[in-house]
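> Just to be clear, the model below is a prediction. Sequence and coordinates:
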Amino acid sequence: MSYAQLAPWLGIAAVFILAGGVKGITGMGLPTVAMSLLGLWMAPAQAATLLVMPSLVTNVAQCLGPAWRRLVSMLWPVWLGMVVTTVWSPDLGALAPIDARVALGAILVVYGLWGLWKPVVPQVARDAWWIGLVAGLATGFVTASTAVFVLPLVPYLQALRLDKDTMIQALGLCFTVATLALAARLHAFEGGTLLAGPSFAALGAAVAGLGVGAMVRARISATTFQRALFLVFIALGAANLWRAM
């Protein structure tokens, strides 16, 4: 195999090792890191297809925990909204002549700024199902446009004031639902897309990165790491906006 043939595989592996490492340290961030980097040299739709298997596999273990029954009764409106708009919302390009990288870059910059600012979101009553439905619908639209499902999902979950372990489980459940909905939108379960070589390369790299991240987590300040990560998201978002223009 020549270098030209090998280079894309090495690029994919490097991206998902890094993305898996971020998830191993913070418990989240794999789709955001992967999309922000892959979007620099491939179409967002192609990058999103590579994202499905690593995101799904690394999130399933995070779903396990004692609070799943309570979380299901609390979060089903969010999941319903995410599925509806992720699977069936129109393509952004059909609504306006906007390069998909513009949407991806914008959401990365917004997410990075929000993470650095760390605003205190008002507490949401856990029985206010309609707020969860609105958050899910908005998250699904962002996911359909960018394959990134952190906004406004993560701020909404923070507004529920869940304890740390329950929050980790809630993130795993929500990200799993979002990944399955994205896979359905991309028809990733058809034609053997998930069984293609690049998907397996991405999965193996993400799992390796996850293990490395778990080891690094005990040796660094999570706060410092997250601040640096949000700065990277802003820079990568700006880079995607620059390429789109």
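Arrived safely. Numbers count the residues shown, from 1 in each chain.
> where do the helices sit along this protein?
If DSSP state H is used as the criterion, the helices of the chain fall at 3-26, 30-38, 44-63, 68-88, 92-95, 100-117, 129-146, 153-159, 164-185, 197-217, 222-244.
> Any idea which of these gets closest to Gln123?
With C-beta to C-beta as the criterion, Gln123 lies closest to helix 153-159 of the helices of the chain, at 5.9 Å. C-betas here are computed from N, CA, C, even on glycine.
> contacting residues around stretch 214-226?
Residues outside stretch 214-226 that contact it (C-beta atoms under 8 Å, 6 or more residues apart in numbering): 21, 24-26, 115.
> thinking again about what came up before, could I get the helices of the chain as JSON lines with mean pLDDT, distance to Gln123 and mean neighbour count?
Converted to JSON lines, the helices of the chain look like this (pLDDT from 0 to 100; distance: least, C-beta to C-beta, whole Å; neighbours: other C-beta atoms under 10 Å):
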{"stretch": "helix 3-26", "mean pLDDT": "84", "distance to Gln123": "23", "mean neighbour count": "19"}
{"stretch": "helix 30-38", "mean pLDDT": "89", "distance to Gln123": "25", "mean neighbour count": "26"}
{"stretch": "helix 44-63", "mean pLDDT": "86", "distance to Gln123": "24", "mean neighbour count": "21"}
{"stretch": "helix 68-88", "mean pLDDT": "95", "distance to Gln123": "14", "mean neighbour count": "19"}
{"stretch": "helix 92-95", "mean pLDDT": "52", "distance to Gln123": "32", "mean neighbour count": "12"}
{"stretch": "helix 100-117", "mean pLDDT": "89", "distance to Gln123": "18", "mean neighbour count": "20"}
{"stretch": "helix 129-146", "mean pLDDT": "94", "distance to Gln123": "11", "mean neighbour count": "22"}
{"stretch": "helix 153-159", "mean pLDDT": "93", "distance to Gln123": "6", "mean neighbour count": "20"}
{"stretch": "helix 164-185", "mean pLDDT": "91", "distance to Gln123": "14", "mean neighbour count": "21"}
{"stretch": "helix 197-217", "mean pLDDT": "87", "distance to Gln123": "28", "mean neighbour count": "18"}
{"stretch": "helix 222-244", "mean pLDDT": "84", "distance to Gln123": "22", "mean neighbour count": "16"}
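> Tell me the one among the contacts of stretch 214-226 nearest to Val57.
The shortest separation between Val57 and any of these is 13.4 Å, and it belongs to Gly24 (by C-beta to C-beta).
> Would you confirm that that closest one contacts Val207?
No - contact criterion C-beta atoms under 8 Å: Gly24 and Val207 do not qualify, at 9.7 Å.
> returning to what we had before: okay, the contacts of stretch 214-226 in CSV with distance to Phe233 next?
Supplementary listing: these in CSV, determined by distance: C-beta to C-beta, whole Å:
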residue, distance to Phe233
Gly21, 15
Gly24, 17
Ile25, 15
Thr26, 12
Gly115, 7
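> and which of the residues you listed is nearest to Val212?
Using C-beta to C-beta, Gly21 is the member of the contacts of stretch 214-226 that sits closest to Val212, with 5.1 Å.
> Verify the stated contact: the closest one with Val212.
Yes - using C-beta under 8 Å, Gly21 and Val212 qualify as a contacting pair, with a distance of 5.1 Å.
> For the residue most central in space within the chain, list the residues it contacts.
Nearest to the geometric centre of the chain sits Pro31, at 3.3 Å (C-alpha atoms, centre = their mean). By C-beta under 8 Å, 6+ apart, the residues touching Pro31 are 19, 51, 55, 147-150, 175, 179.
> if I look at it, how far off is Pro122?
As defined by C-beta to C-beta, to the nearest Å, Pro31 lies at a distance of 26 Å from Pro122.
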